[in-house]
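Chemist: This is a predicted model, with the sequence first.
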Amino acid sequence: MAKPPMQETLFLLGPGQVELRKHKLPEPRPGEILVAIRAATTCGTDLKVFRRGGHPRMLVVPTPFGHEMSGVIVHAGDAVRGWAMNDEVVIANSAPCGVCDFCERGRENLCRDLHYLNGAFSEYIVVPERFVARSLYRKPEGLPFELAALSEPLACVIHGMDVAALPPKSDCLVIGGGPIGLLFVAMLAAEGHLVTLADPHEKRLETGRALGASQTLEVRRDGRDAQRLRAIGGEGEGFDAVIEATGSPAAWESAIGVVHAGGSVLLFGGCAPGTSVALDTHLAHYSELTLRGAYHHRPATFGRAIDVLARGVFDARLLISGSCGLDGVEEALHAMDRRAALKVAVKP
Ligand SMILES: [Zn+2]
Ligand SMILES: [Zn+2]
């Protein structure tokens, strides 16, 4: 590459603090690829790190952030095989080592040396060698860049579905109508399950119905509505399965209380570090509940997510409530915080 261009990147500086910085693009080394970002979508995790000023596993400020992205290759280093300029790509935000015991068992999301890639809110991103090898996907033709960027959250949801392994036609409750909860609604409905969505916001419930929820319920923000929720599942018996997608301890507790005997609970929303919840041991034991956690995605689910989006299994545009440039990300995050936006497509 002749001369690395200048680029603009949004940096996270601390809690609620971001700054758009103009800086020289690092020159990609052999084996690396330079991608011009065409679309990055904002995510609940971005909002979380924006509020908290970082992430214990992924982000130490000052740092570029944003992790759902698609774009076009503008430079491929000498050692890069199989990729060329102008290829349209989706980049996964993590890359497993491929050799540890977890990777060998196909549980790459638990990799002992999982690398993360952040910096989607930028004009360009350098894709490190390991990501070029394991986390770069061809964007299907005809799939808009902004929908392609949704592969990341959808890959997490598909991983969650694999973990939950629900029997056909399960009567499911999804707690939380944010982007992740809504993606669960869409995927569960697409697979023929019966879906109820619970959330405090009517607008989100409406989106849930459009994505396939057959029933919606307005609940209190703190999620402590277990009895009410239980009463509507399985004619008062409780649900076959519940998916917790809020990341609030109160909702975790509610979730455990709304399934019937033999039911399963997918604990999907990550709570703040150090959080614990009360567990009704009697219920967990005598009712033989299955309680499962699910985190992140695996290469297999990332590939499937791209395929689901390309096939238009559900209307993914319903997840994106607006678009903006790099200078609009801060406002977009505030709008998400007020629940006035779902996901915003950032187009540098
Ligand atoms: Zn995300
Ligand atoms: Zn590994």
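Modeler: In hand now; what should we look at? Numbering: from 1, shown residues only. Ligands and ions are numbered 1, 2, ... in the order given.

Chemist: all helices of the chain, in order?
Modeler: Along the chain, counting by DSSP state H, helices occupy 44-52, 101-104, 129-134, 145-148, 151-164, 179-190, 202-210, 226-232, 249-257, 281-286, 299-311, 329-337.

Chemist: Mean pLDDT lowest where, among those?
Modeler: Here the lowest mean pLDDT among those goes to helix 226-232, at a mean of 77.

Chemist: related to what we said a few turns ago, let me know which of the helices of the chain is the nearest to residue 111.
Modeler: In terms of CB to CB, the element of the helices of the chain nearest to residue 111 is helix 101-104, at 5.3 Å. C-beta: built from backbone N, CA, C; applies to glycine.

Chemist: Count residues in the vicinity of residue 206, would you?
Modeler: 14 (other CB atoms under 10 Å).

Chemist: and it, what does it touch?
Modeler: residue 216 (CB atoms under 8 Å, 6 or more residues apart in numbering).

Chemist: run the last query once more with 10 Å
Modeler: 177, 213, 216, 318 (CB atoms under 10 Å, 6 or more residues apart in numbering).

Chemist: OK, contacts around the first one?
Modeler: Spelled out, that is residue 177. 184-185, 197-208, 211, 213, 216, 218-219, 245-246, 339, 342.

Chemist: Kindly write the ChimeraX command that selects the buried subset of these.
Modeler: The following ChimeraX line selects those of the contacts of residue 177 that are buried, judged by 16 or more other CB atoms under 10 Å:
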select :184,185,197,198,199,200,201,204,205,207,208,211,213,216,219,245,246,342
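
Chemist: Would you mind putting the contacts of residue 206 into CSV with distance to residue 45 and pLDDT alongside?
Modeler: Output for the contacts of residue 206, formatted as CSV (distance: CB to CB, whole Å; pLDDT from 0 to 100):
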residue, distance to residue 45, pLDDT
177, 17, 96
213, 23, 98
216, 25, 96
318, 20, 98
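
Chemist: biggest separation within these, which pair?
Modeler: Largest pairwise distance in those, by CB to CB, is 14.3 Å, between 216 and 318.

Chemist: my read: residue 307 touches residue 139, true?
Modeler: No: using CB atoms under 10 Å, residue 307 is not in contact with residue 139, being 11.7 Å away.

Chemist: So for the two, which residue has more residues nearby?
Modeler: residue 139 (24 against 15).

Chemist: mind checking how far that one is from residue 343?
Modeler: 18 Å (CB to CB, to the nearest Å).

Chemist: Listing request: residues of the stretch 51-200 of the chain with sub-threshold pLDDT.
Modeler: Across the stretch 51-200 of the chain, nothing is flagged by pLDDT under 70.

Chemist: Could you list the residues of it in contact with ligand 2?
Modeler: 96, 97, 100, 103, 111 (CB under 5 Å from the ion).

Chemist: who are the neighbours in contact with the fourth one?
Modeler: Residues in contact with residue 103 (CB under 10 Å, 6+ apart) are 96, 97, 109, 110, 111, 112, 113, 114, 134, 298, 299.

Chemist: Just the buried ones out of the residues you listed, please.
Modeler: 96, 109, 111, 114, 134, 298, 299.

Chemist: nearest to residue 55, of the residues you listed?
Modeler: Checking the buried ones among the contacts of residue 103 one by one against residue 55 (CB to CB), the nearest turns out to be residue 114, at 13.3 Å.

Chemist: my read: that closest one touches residue 100, true?
Modeler: Yes: using CB under 10 Å, residue 114 is in contact with residue 100, at 9.3 Å.

Chemist: The closest residue in space to residue 58 that isn't next to it in sequence bridge partners, please.
Modeler: Counting by CB to CB, 6 or more residues apart in numbering, residue 58 lies nearest to residue 116, which is 4.7 Å off, once chain neighbours are set aside. Beta-bridge partners for residue 116, by DSSP bridges, are residue 94.
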